[in-house]
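**Student:** Pasting a predicted model and its sequence here:
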Amino acid sequence: MLRSALCLLLLSSSLPLSAADPVPPDGFTAIFNGRDLTGWKGSDAYWSVEDGCLTGVADGTLDYNRFITWTGGKVKNFELRVKVKVTPDGNSGLQYRGQERPDLGDWVVTGYQCDVVPKRADYNGMLYEERGRRILAHAGEKVVIDSQGQPWVVGKMPVKEFPGGEWHDYRIRVEGNHHRHWIDGVQTVDVMDLDEKGRALEGVIAVQVHVGPPMKIQYQDFFLQHLPDDLPLLKTADAPLPVDAIKVVPQGGGAKKKAAPKAS
């Protein structure tokens, strides 16, 4: 009897950690169960569960980005924490407050995205808007997006490299129109979005496989905390542009950067 119990104990201790149900921190809930794709919808041509991880693969022939979406409802104000591992040449993203757009193609989601791009330190952890305003803040930037949708860099933070092929902790916290991202505890962006026409205040959570080279992306310990819906929205008066703010040139634009106008 003792020998059987000992064998059972040794067997259970040898099981991979991912085989157990994920245990969220206080105040959070697990939105991926580590066993199957219950609670998610996407194409099994790209998405599966492997080694207890939500896993996306692309063979290099994608003609547009594909997503898998959490079906647990829309999020407004929230904090999201997840461990991520991607191949060194991979490109992915954590979509939030997104909009499902089947009219644009199968499994398309637009909206805010925390990028996962290990080969570009200035892209990894940046704030991007899929099929929208595109790059809103590179990694290492504090940005105010003004009421006309123009981003201004108002401060800088250190930029670090987080190599591909390794697990990293991604964190996203959104309160009203204030967006912050972190990787391994290092803040990557701080954005205030004052653009009432361009911004979104709620939407879905999704993750992405990207066009380009063959890639593999894995997610585990996917935890979500809902914050109060009635958090205040920052206004222009709450985020005055300093005189040395840098006007961000839209992607594809050729205009030179200009300093912010001086206050009269």
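**Tutor:** In hand now; what should we look at?
**Student:** make it CA atoms for all contacts and neighbour counts henceforth
**Tutor:** Noted.
**Student:** Confirm that residue 82 sits in a helix.
**Tutor:** No: looking at residue 82 with DSSP: H, G, I helix; E, B strand; the rest coil, it is strand, so not inside a helix.
**Student:** Burial check on it, number of neighbours?
**Tutor:** 19 (other C-alpha atoms under 10 Å).
**Student:** just residue 54 next, same as before
**Tutor:** Neighbours of residue 54 using other C-alpha under 10 Å come to 25.
**Student:** measure it to residue 23 for me?
**Tutor:** 16 Å (C-alpha to C-alpha, to the nearest Å).
**Student:** go on, residue 163?
**Tutor:** 26 Å.
**Student:** try residue 139
**Tutor:** With C-alpha to C-alpha as the criterion, residue 139 and residue 23 are 30 Å apart.
**Student:** Looking at those two, which has the bigger crowd around it?
**Tutor:** The neighbour comparison of residue 139 against residue 23 (other C-alpha under 10 Å) goes to residue 139, with 27 against 13.
**Student:** correct me, but the more buried one touches residue 190?
**Tutor:** No: taking contacts as C-alpha atoms under 8 Å, residue 139 lies outside contact range of residue 190: 9.1 Å.
**Student:** For stretch 103-111, C-alpha coordinates in PDB please.
**Tutor:** The C-alpha coordinates for stretch 103-111 follow below in PDB (Å, rounded to 0.1, in the frame of the first residue of the first chain):
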ATOM      1  CA  ASP A 103     -16.700  41.400 -43.600                       C
ATOM      2  CA  LEU A 104     -13.000  42.000 -43.900                       C
ATOM      3  CA  GLY A 105     -12.100  38.300 -44.000                       C
ATOM      4  CA  ASP A 106     -12.200  35.100 -42.000                       C
ATOM      5  CA  TRP A 107     -11.200  35.500 -38.300                       C
ATOM      6  CA  VAL A 108     -10.300  39.200 -38.600                       C
ATOM      7  CA  VAL A 109     -10.300  41.400 -35.500                       C
ATOM      8  CA  THR A 110      -9.500  45.100 -35.500                       C
ATOM      9  CA  GLY A 111      -8.500  47.400 -32.700                       C
END
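**Student:** Outside of that stretch itself, list whatever touches it.
**Tutor:** The contact list for stretch 103-111 (C-alpha atoms under 8 Å, 6 or more residues apart in numbering) reads 42-43, 65-68, 95-102, 129-132, 200, 206.
**Student:** Keep only those of those residues that are in strands.
**Tutor:** 66, 67, 68, 95, 96, 97, 98, 99, 100, 129, 130, 206 (DSSP state E).
**Student:** Export those as TSV, with columns for distance to residue 121, neighbour count and pLDDT.
**Tutor:** Below are the ones in strands among the contacts of stretch 103-111 laid out as TSV (distance: C-alpha to C-alpha, whole Å; neighbours: other C-alpha atoms under 10 Å; pLDDT from 0 to 100):
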residue	distance to residue 121	neighbour count	pLDDT
66	23	24	95
67	23	27	96
68	25	24	98
95	19	27	97
96	21	29	98
97	24	23	98
98	24	25	97
99	27	21	96
100	28	19	96
129	18	22	95
130	19	19	93
206	22	27	98
